[in-house]
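Asks: how does the following fold in three dimensions:
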Amino acid sequence: MKQTMETTGSNPFENGVAQLAKAAKVIDLKQDYFDLFTNPHELMEVYIPVRMDSGKLKIFTGFRARFNTFMGPAKGGIRYHWNVTREEVKALAFWMSWKCTVINIPYGGGKGGIIVNPKELSKGELERLSRGYIDKLADFIGPDKDIPAPDVYTDGQIMSWMLDEFEKLHRGHYPAVITGKPLELGGSAGRGTATAQGGYYCFETAIREMGLANPTVAVQGFGNAGLFIAKICHEHGFKVLAVSDSQGGIYDLDGLGIPAVIAHKEKKGSVIGFGKAKKVSNEELLELNVDVLFPSALENQIHKGNAAKVKAKLIVELANGPTTPDADEVLHKKGTIVVPDILANSGGVYVSYLEWVQNRMGFYWNQDYVFDLLKKQINNSFKDIWAVKGKHKIDMRTAAYVYALQKMQKAAQLRGY
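Replies: As a prediction, the model looks like this:
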């Protein structure tokens, strides 16, 4: 379907296209290239029969999308969620293609998903579903085609089953077909905290460029990325004033003891009720008087209705799509710097790339070396995008897309498009 450079909307794919359209105007990108980059190369829908523990046969629907594989095979996670849709998978694959280009790794964008509530499945049912999905995609994925990874409600165990199934079907060892694996099956050191670590390197570079000394921090979302970014900031001496999870948030003007907050959440299931901290909502957290915000939860959290109330000078997006295009306009006019998701949370895919490289070499690095490579790559991309931002006098998100668009257009042209 043809997209227009004037596309706007509230769903993730429309927002992504609208963000790209702003960058396309900056460099006068022709409509035919815009169409090429905003339509998937492939979008597959599969039906997976699974024999349940009850003896009943149940059919599950799954998807896999690929975008912009001009520079290499597709890369992206597989999510198990009851709200997975074709449009969501398409949007996430689209974002992945720009994230890989921004962080300078030779991949296109991929994403997959199955419509399922994994909490309702036994371990055996989950394994049969995971193997069944790979059975359907056995000729669609591969180390040189499309490399999946974990995402929402999938993990190293599920990746292990998928790897094993692929290797059975292809009668060989192919560790590079999937990343996010346990270390015992060829996973990379540092992969579990890589998204937060990459976000921290963006934060570190941004405050240096902005001249922000000893900034205070708030983190919305306390899952993998949010928990670890709070922990890393705390360990480096930055005062974390607020954190939140799905049940709400906590705020302490004196700063939170993050290790104690983590212990409280592990015991109680939420950060709510921690010590003397004041309770705040997820919405209120975004409007607190802090220097830096890390949106690490859901999309569309900062929008036209609340952007003017955001007091932070710097926003580092660890979530995918937490800021709407309308909010971007408001924040840019206020002088707020937004380090966009396609750069800020690219640490995960970069370390996945390093896992793929290690799998293909059969040689593995320690975490210090992995994070050293990650820091150099993040800093180089940040520096280049910051320069584009200054040259064109545009916001950082648009600059990131300009940077990626120019690289992708050149790759497409070299291939004859």
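Asks: so which bits of stretch 125-138 are buried?
Replies: For stretch 125-138, the neighbour count (16 or more other Cβ atoms under 10 Å) marks 125-134, 136-137 as buried. For glycine as for every other residue, the C-beta is placed from the backbone atoms N, C-alpha and C.
Asks: same check on stretch 285-295?
Replies: Buried-residue list, stretch 285-295, by 16+ other Cβ under 10 Å: 285-288, 290-295.
Asks: just those: which are in helices?
Replies: Judged by DSSP state H, the subset of those located in helices is Leu285.
Asks: can I get the buried residues of stretch 285-295 in TSV with pLDDT and distance to Leu374?
Replies: Converted to TSV, the buried residues of stretch 285-295 look like this (pLDDT from 0 to 100; distance: Cβ to Cβ, whole Å):
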residue	pLDDT	distance to Leu374
Leu285	96	28
Leu286	96	28
Glu287	96	32
Leu288	96	29
Val290	97	26
Asp291	97	24
Val292	98	20
Leu293	98	22
Phe294	98	18
Pro295	96	21
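Asks: looking at the buried residues of stretch 285-295, which one is closest to Glu209?
Replies: Val292 (13.1 Å; Cβ to Cβ).
Asks: for that closest one, what are its contacts?
Replies: Applying Cβ atoms under 8 Å, 6 or more residues apart in numbering to Val292 gives the contacts 203, 207, 212, 215-218, 312-316.
Asks: next one: Ile378
Replies: Counting by Cβ under 8 Å, 6+ apart, Ile378 makes contact with 103, 198, 201-202, 205, 343, 346-347, 350.
Asks: ok, and the most crowded of the residues you listed?
Replies: Ser346 (31 neighbours; other Cβ atoms under 10 Å).
Asks: nearest residue to that residue in space, please, no chain neighbours.
Replies: Distance criterion Cβ to Cβ, 6 or more residues apart in numbering; nearest residue to Ser346, sequence neighbours excluded, is Ile103 at 4.1 Å.
Asks: likewise for Cys100?
Replies: Closest to Cys100 by Cβ to Cβ, 6+ apart is Tyr107, at 4.0 Å.
Asks: same question, Gln157
Replies: Of all residues not flanking Gln157 in the chain, Pro182 sits nearest, at 7.7 Å (Cβ to Cβ, 6+ apart).
Asks: that neighbour against Ile158, yeah?
Replies: No: with contact defined as Cβ atoms under 8 Å, Pro182 does not count as touching Ile158 (10.9 Å).
Asks: who has more neighbours, those two?
Replies: Ile158 (24 against 14).
Asks: roughly how far out does the helix or strand containing the more buried one sit from the chain middle?
Replies: Using DSSP states H and E, Ile158 sits within helix 156-170. Here the centre of helix 156-170 is set off from its chain's centre by 23 Å, with Cα atoms, centre = their mean, to the nearest Å.
Asks: buried sites along that helix?
Replies: 156, 158-166.
Asks: same thing with stretch 84-100?
Replies: For stretch 84-100, the buried set under the neighbour-count rule, 16+ other Cβ under 10 Å, comprises 84, 88-100.
Asks: from the chain's centre, how far out does it sit?
Replies: Distance, stretch centre to chain centre, for stretch 84-100: 10 Å (Cα atoms, centre = their mean).
Asks: now stretch 151-162
Replies: Centre to centre, stretch against its chain (Cα atoms, centre = their mean), the figure for stretch 151-162 is 16 Å.
Asks: repeat that for stretch 96-108.
Replies: That offset, for stretch 96-108, works out to 12 Å (Cα atoms, centre = their mean).
Asks: end-to-end on it?
Replies: End-to-end distance for stretch 96-108: 7 Å, by Cα to Cα, to the nearest Å.
Asks: biggest helix in the protein by residues?
Replies: Among the elements of the chain assigned as helix by DSSP H, the one spanning the most residues is helix 367-392.
Asks: buried residues in the next helix or strand after it?
Replies: Later in the chain than helix 367-392, the nearest helix or strand by DSSP H and E is helix 396-414. Residues 396-409, 411-412 are the ones in helix 396-414 that count as buried (16+ other Cβ under 10 Å).
Asks: and Ala277, what does it touch?
Replies: Counting by Cβ under 8 Å, 6+ apart, Ala277 touches 250-252, 256.
Asks: over to Leu129?
Replies: Contacts of Leu129 (Cβ under 8 Å, 6+ apart): 48, 50, 60, 114, 116, 121.
Asks: for whichever strand or helix holds the third one, give the mean pLDDT please.
Replies: In this assignment (DSSP H and E), Phe60 forms part of strand 57-67. Mean pLDDT, taken over the full extent of strand 57-67, equals 98.
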